[in-house]
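Q: Turn this into a structure:
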Amino acid sequence: MSELTWRKAIERVLSDSGGAMHYTDIAEQIVAEGLRKNVGATPPTTVNANISASISKDGEKSPFRKVGRGVYMLQKNSPMGASKNASQLEAKVEADEGDEEQQYDIVSSFGMFWRRDYVVWTRTPKILGIQQLGSDPVDFYGQLGIYLLYDGREVVYVGRSVDRPLGRRLYEHTLDRLATRWDRFSWFGVLPVSEEGGLQCQPGVYGADKIVPALEAILIEALEPRQNRKRGDDLSAVEYLQTEDPEVEKRKAQDVLDKLANNLR
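A: Modelled structure (predicted):
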């Protein structure tokens, strides 16, 4: 099967679903079905951008309709949506239509409970993550923002990377008084990630309407309070999963070979 355009792939997934879907789920389905071979580093963001651009440019003529925060479905009069039962589609509509994901303007990406031993710690370590399976890895060494260090599940330190990038700040903690006191880390970044996987410049000044939702989302995601049913206010849309630096496995294999060589002497 030839590769579909992003728009055709999105239409196919929404048509097959028979209802509304969040753009992160649409992106995952596109990858799972192999509708596109090259999905870049930020498939969910690309899906959201394509749908939003279509709605903004074509208005009611767009095949897509927003029915909630980050949730879309096909218009009933679109070629691929006409065959679906209208009442089933309407049942998917969420009450918060029109709400914007304000926190994403500030928190562009984050990772939770990443493993220290997945990184080769140098002055410029690779802090690698993917937005979903099948997407290209992103190196977050140069990210700016807030980070937490853990000993098991206990937070032992909260820091910020502003004057020095995230990777450098974490490297410094492998040498300072905290060197033996942490094995995992979480981080919340403010630099946007491009479709190609590069970190972009920080946007302009933000008002309280964007800062407050972002702070709330970070605290909920980091602390996981029991009474907050909605973890991070859907901040999971910009979560990245850690991937191990390939150099780690190479070094492990070399250590095994060195030990075997020593035993044969």
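Q: which parts of stretch 49-69 are buried?
A: Buried residues in stretch 49-69, counted by 16 or more other CB atoms under 10 Å: 50-51, 54-55, 62-69. In this view, the C-beta of every residue, glycine as well, is placed from N, C-alpha and C.
Q: Now compare those and name the two farthest from each other.
A: Distance extremes for these: the farthest pair is 63 and 69 at 20.0 Å, using CB to CB.
Q: hang on, the earlier thing: which member of the buried residues of stretch 49-69 is positioned nearest residue 259?
A: Among those, and counting by CB to CB, the member closest to residue 259 is residue 50, at 51.8 Å.
Q: in this structure, which spans are strands?
A: In the chain, strands defined by DSSP state E lie at 21-22, 64-68, 71-74, 109-115, 128-130, 138-139, 145-151, 154-161, 184-189, 241-242, listed in chain order.
Q: Output the fourth one as PDB, restricted to C-alpha atoms.
A: Output for strand 109-115, consisting of C-alpha atoms alone and laid out as PDB, is shown next (Å, rounded to 0.1, in the frame of the first residue of the first chain):
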ATOM      1  CA  SER A 109       7.300  18.200  26.300                       C
ATOM      2  CA  PHE A 110       8.000  16.200  29.400                       C
ATOM      3  CA  GLY A 111       9.300  12.800  30.600                       C
ATOM      4  CA  MET A 112       8.400  10.900  33.800                       C
ATOM      5  CA  PHE A 113      10.700   8.600  35.800                       C
ATOM      6  CA  TRP A 114      13.400   8.200  33.200                       C
ATOM      7  CA  ARG A 115      16.200   5.900  34.200                       C
END
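Q: and the gap between the residue lying closest to residue 123 once chain neighbours are set aside and residue 249?
A: Closest residue to residue 123 apart from its sequence neighbours, by CB to CB, 6 or more residues apart in numbering: residue 171 at 6.1 Å. Distance, residue 171 to residue 249, using CB to CB, to the nearest Å: 20 Å.
Q: between those two, who's got more neighbours?
A: Neighbours were counted for residue 171 and for residue 249 using other CB atoms under 10 Å; residue 171 has more, 19 against 10.
Q: show me the contacts for that one.
A: Residue 171 makes contacts with 121-125, as judged by CB atoms under 8 Å, 6 or more residues apart in numbering.
Q: same question, residue 146
A: Here residue 146 is in contact with 158-161, 187-188, 218 (criterion: CB under 8 Å, 6+ apart).
Q: now residue 134
A: Contacts of residue 134 by CB under 8 Å, 6+ apart are 31-32, 39, 43.
Q: Unless I'm misreading it, residue 64 sits right up against residue 48, doesn't it?
A: No - counting by CB atoms under 8 Å, residue 64 does not reach residue 48; the two are 10.7 Å apart.
Q: one step back: nearest to residue 5 among the strands of the chain would be which one?
A: Comparing these by CB to CB, strand 64-68 comes nearest, at 14.0 Å.
Q: avg pLDDT for that closest one?
A: Regarding strand 64-68, the rounded mean pLDDT is 93.
Q: got it, and stretch 125-137?
A: 95.
Q: ok, and for that stretch, which residues are buried?
A: So stretch 125-137, judged by 16+ other CB under 10 Å, has buried residues 125-132, 134-135, 137.
Q: Okay then, goodbye and thanks.
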